[in-house]
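J.: sequence first, then the predicted structure, then my questions.
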Amino acid sequence: MSLQCPLCKSSDQVITRNYGRKAGSAVGALAGAAAGYSAAASGARVGASVGSLLGPVGAGLGLVAGAVFGRVLVGSVIGSSAGGAIGAVVDDTVFDNYYCQHCEFEFGADQLLHDSSHP
Ligand SMILES: [Zn+2]
């Protein structure tokens with residue numbers, strides 16, 4: 001899909017800013033990581049009990065692996081994708097997400113002209 005500027009009709013100079021997506025992903029990842037601390041606690045507990053089958057060293061490794069899995073993988077990934085999805089909605093509804101590099105006109109999705117070769 002080619003984006004077209006509603007002002008100067010340039011079709012190859014329009015870029016998307018995606019402020020919301022970027023901010024949402026970053027904030028979501030942080031929030032997810034923070035929320036993941038509670039998951040990390042239970043993950044560490046499970047990891048330690050599984051690892052304890054292999055002795056003291058295994059318990060230590062299991063504790064670290066469980067904590068990392070609970071915090072980083074679960075919290076951060078879910079938070080980032082959820083934040084990005086929310087940010088995408090914000091981009092499309094709140095911000096003027098499109099910018100024409102030709103005439104420096106900023107505009108929102110409601111002003112976006114789609115390829116007019118298919119009337
Ligand atoms: Zn333009």
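T.: Everything's here; your move.
J.: where do the helices sit along this protein?
T.: 19-51, 56-68, 77-93 (DSSP state H).
J.: how far off centre is the last one?
T.: So the one you mean is helix 77-93. Remark: helix 77-93 is offset 6 Å from the chain centroid, using C-alpha atoms, centre = their mean, to the nearest Å.
J.: what comes into contact with it?
T.: 16-33, 35-36, 97, 109 (C-beta atoms under 8 Å, 6 or more residues apart in numbering). The way it works is simple: take the backbone N, C-alpha and C, and place the C-beta from them, glycine included.
J.: now do the buried residues in it.
T.: Neighbour counts over helix 77-93 (16 or more other C-beta atoms under 10 Å) mark 78-80, 82-84, 86-88, 90-91 as buried.
J.: check stretch 98-116 too.
T.: Across stretch 98-116, burial judged by 16+ other C-beta under 10 Å covers 98, 100, 105, 107, 112.
J.: what about that stretch, near the ion?
T.: Yes - shown here: stretch 98-116 in contact with the ion (C-beta under 5 Å from the ion) through 100, 102-103, 105.
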